[in-house]
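Novice: turn this into a structure:
(2 chains)
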Amino acid sequence: MRKPRVGVFKFASCDGCQLSLLDAEDELLALCDRVDFTHFAEASSDLQPGPYDVAVVEGSITTDEDADRIRRIREESRWLVTIGACATSGGIQALRSWGDASQWVSAVYPSPQFIHTLATSTPIADHVLVDIEVHGCPINNRQLIEVLVAIANGRKPHLPSHAVCLDCKRRGTVCVMVAQGQACLGPITQTGCGALCPTSNRGCYGCFGPLPAGNAKSLVAEFQRQGHTAGILVPLLRNFNATAPEFREASERL
Amino acid sequence: MSQPDVITVPILTRVEGEGALTIRLRDGQLDDVQLRIYEPPRLFEALLKGRPLEDAPDITARICGICPVAYQMSSVHALERALGVVITPQIRRMRRLLYCGEWIESHALHIHLLHAPDFFDVASGIALAQRFPDEVRRGLQLKKHGNRLLEVIGGRAIHPVNATVGGFHRWPRRDELMSLIPDFEWGLNAAIETARWTETFTFPELEQDYEFVSLSHPDEYPFNEGTVASSAFPSIPVDDFLQHFAEVQVPHSTALHAVRLPQQSTYLLGPLARINLNRDRLLPMARQTADDIGFVVPCRNPFRSLLARCVELVQAYEEALSILRDVDLSGPSRIAYDPHAGTGCAATEAPRGLLFHEYEVDAQGRLARARIIPPTSQNQAQIEADLRRYLQAQLTTARPRDELAVRCERLVRSYDPCISCATHFLKVKWEEA
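Specialist: Predicted structure coming up:
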């Protein structure tokens, strides 16, 4: 079978999610035997034009040019896989939704007239059809490798969909919410990190994004019962996946 | 007057972030060079405003996926200054160990996968592995060690979760730290082998009269503290940084350029600057490696920064091993504090150079103001100056435009630019009469 041609594309982001591919040190050379990275600017100067079997897309849409660029990439690609919180929910830069973007530009740049940016930072799925989403800030590279190998083998990828909370139970990590009264988003956040934050003695900050079936309303009520104020809870819900609908609604109810 | 000639090379590759290069020629002479940073602005300084100060290390880490620890370190030190928090020697050592992990991961990545391919005219580290399978596999192993160290201390390699204002959320596990020692003993020797391998490369000629700038500490190679040293001016305390360095905006870039005041001159940050200013504070094996590969200071050839990175790779392994062999997890992992109003700044040495942060905190412990000056935006004006000098020399020989563009891209790459911090999409555009 022909190796799938994979293109990796970046929009507004930190590069960390695509870097996680290069971080698969043990599998990197083997992975390159299974798929052909025909456009991966962070790794290779040999950039081939489309079409691509798989477009791996990192980053959010924050300019008109990028909104056009993602449409062109979609047209050239059979499968489109978004990776990371920026691409799947708008990322940390989506916090501009609650601010005045033009004022923000003025706060950072002395000559704001040279800077062109939209008032929003939106996920890729707001612009084009997305086939598979890999969540996380950053993603777990095992999940992306699973997706690429599954596509190469013509099967559906296996991506777990339970809550971070369950991972703590599996690891035997004492609950930081029950035992220490810390606000922890583990019950309403998708798995993928391995419950790193509770294992590090701190509450989950939701970097893998909301669990579709999570009950944010009930969890926030419990946080409030424990004495956490909106001053703590709003920033907790508004970070790397702030405009993901479940987190957005929960923060706006506060 | 003749019209300028425009030639475009579409994408700068094997760098981190998005940028472009415009080269304008008139009557066969170089008219102007602009490193254009296209990276869409993400407005971090603005989005931090009003947030709890504890968010700064987690959020600023997201500026860069390659050097998140640098952002975490500069932010926690700056906020500790604002709050008057004094950390213990144990916390300080653990932070140095964490930083060693990032230097090893970032330097091993740049040396093997991003930079070395240029010396053999191949497109990628993967392609380089066909010709040098053992060397590239060794490099991947070194990179993996760096990541593993970050995971043991920080939970994960990209955007670790354990560093916080005052120290760490928890101490790493002693058994996990100790288990790294055999790998790091192997890695120290492997890093020396890497330095010996890269010493055989043929480096393009270019000498630039740089002002080197880096942190400098009396007793140690700089990571987290020291004064701001320079090869041209007296050292200054970090608190005075903004009186001597300023950011200016240029129309062609979303990164602000930094210049030395008052004369608005360019300066160089990163491994080459650090080693030129601190060579005598390298640990013994790193210094021996520098001697063995004939790395003498001053070294003013930007392409040879590859060798500086290799010496620093040895340094990071040597330092990591000395900390690992004498692990001290006594005392609290984190110093408690009461939030109050204050202002504080700090600089630390990211793999690609000095990273400055300044914060103002309000009485409720919220961030009132944030200022972040990343190394790549500080190096941007120097990269343009290097390109001008390099092109002037190159234009005297009749080389095809494509080849010149490739050479310019290599020069930019030798800086290990982190374009998300400041640029990925470097279009080389030629304009000529």
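Novice: quick one: contacts for the residue in the stretch 1-150 of chain B positioned nearest to chain A?
Specialist: Relative to chain A, the nearest point of the stretch 1-150 of chain B is residue B:65 (2.2 Å; Cβ to the nearest Cβ). Bear in mind the C-beta positions are built from the backbone N, C-alpha and C, glycine included. By Cβ atoms under 8 Å, 6 or more residues apart in numbering or on different chains, the contact list for residue B:65 reads A:13-20, A:138, B:16, B:158-159, B:420.
Novice: residue A:210 touches residue A:204, doesn't it?
Specialist: No - with contacts counted by Cβ atoms under 8 Å, residue A:210 stays clear of residue A:204, the gap being 11.6 Å.
Novice: first-to-last residue distance for stretch B:156-169?
Specialist: Using Cα to Cα, to the nearest Å, the span of stretch B:156-169 from its first residue to its last is 14 Å.
Novice: show the pLDDT at the most centrally placed residue in chain B.
Specialist: The residue lying closest to the centre of chain B (Cα atoms, centre = their mean) is residue B:352, at 1.3 Å. Model confidence at residue B:352, given as pLDDT, is 95.
Novice: before we move on, what about the one 3 residues further on?
Specialist: Turning to residue B:355, the model gives it a pLDDT of 95.
Novice: with the one 4 residues further on instead?
Specialist: Per-residue confidence at residue B:359 stands at 96 (pLDDT).
Novice: my read is it is in a helix, agree?
Specialist: No - with DSSP: H, G, I helix; E, B strand; the rest coil as the criterion, residue B:359 is located in strand rather than a helix.
Novice: check contacts around it.
Specialist: Counting by Cβ under 8 Å, 6+ apart, residue B:359 makes contact with B:53, B:56, B:75, B:78-79, B:82, B:343-345, B:367, B:369-371.
Novice: any idea how far it is from residue B:341?
Specialist: Separation of residue B:359 from residue B:341 (Cβ to Cβ, to the nearest Å): 11 Å.
Novice: do the same with residue A:186
Specialist: According to Cβ to Cβ, residue A:186 and residue B:341 sit 33 Å apart.
Novice: follow-up on the earlier one: okay, now the nearest residue to the residue of the stretch 1-150 of chain B closest to chain A once chain neighbours are set aside: neighbour count?
Specialist: Leaving out its chain neighbours, the residue that sits closest to residue B:65 by Cβ to Cβ, 6 or more residues apart in numbering or on different chains is residue A:16, at 2.2 Å. As a burial measure, residue A:16 scores 29 neighbours (other Cβ atoms under 10 Å in any protein chain shown).
Novice: got it, and residue A:201?
Specialist: There are 20 residues near residue A:201, going by other Cβ under 10 Å.
Novice: secondary structure element holding it?
Specialist: Using DSSP states H and E, residue A:201 sits in no helix or strand.
Novice: show me where chain A dips below the pLDDT cut-off.
Specialist: Residue ranges of chain A with pLDDT under 70: A:1, A:101, A:109-111, A:113-115.
Novice: in it, which residue is closest to the centre?
Specialist: Central residue of chain A (Cα atoms, centre = their mean): residue A:85, 1.8 Å from the mean position.
Novice: so where does it fall, helix or strand?
Specialist: helix A:84-89.
Novice: try residue A:26
Specialist: helix A:25-34.
Novice: again, but for residue B:346
Specialist: Per DSSP H and E: residue B:346 is located in strand B:342-350.
Novice: and that strand, does that touch chain A?
Specialist: No - figure legend: strand B:342-350 not in contact with chain A (Cβ under 8 Å from any Cβ of the partner chain); closest approach 13.6 Å.
Novice: report the secondary structure state of residue B:368.
Specialist: Following three-state DSSP, residue B:368 is assigned to strand.
Novice: what distance do you get for it to residue A:131?
Specialist: Using Cβ to Cβ, residue B:368 is found at 44 Å from residue A:131.
Novice: which of those two has more residues huddled nearby?
Specialist: Between residue B:368 and residue A:131, counted using other Cβ under 10 Å, residue B:368 has the larger neighbour count: 17 against 14.
Novice: quick one: contacts for the more buried one?
Specialist: Contacts of residue B:368 (Cβ under 8 Å, 6+ apart): B:49, B:360-362.
Novice: repeat that for 6 Å
Specialist: Neighbouring residues of residue B:368 by Cβ atoms under 6 Å, 6 or more residues apart in numbering or on different chains: B:360, B:362.
Novice: and chain A, what are its domains?
Specialist: A:5-152, A:164-253 (automatic domain parsing).
Novice: with distance to residue B:411 added, can I get the ones you listed in CSV?
Specialist: Listed next are the domains of chain A as CSV, based on distance: least, Cβ to Cβ, whole Å:
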stretch, distance to residue B:411
domain A:5-152, 14
domain A:164-253, 35
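Novice: what does the stretch 151-254 of chain A put close to chain B?
Specialist: Residues of the stretch 151-254 of chain A found near chain B (Cβ under 6 Å from any Cβ of the partner chain) are A:196-197, A:200-202, A:235.
Novice: most neighbours, which of those?
Specialist: If you rank those by neighbour count (other Cβ under 10 Å), residue A:197 sits at the top with 27 neighbours.
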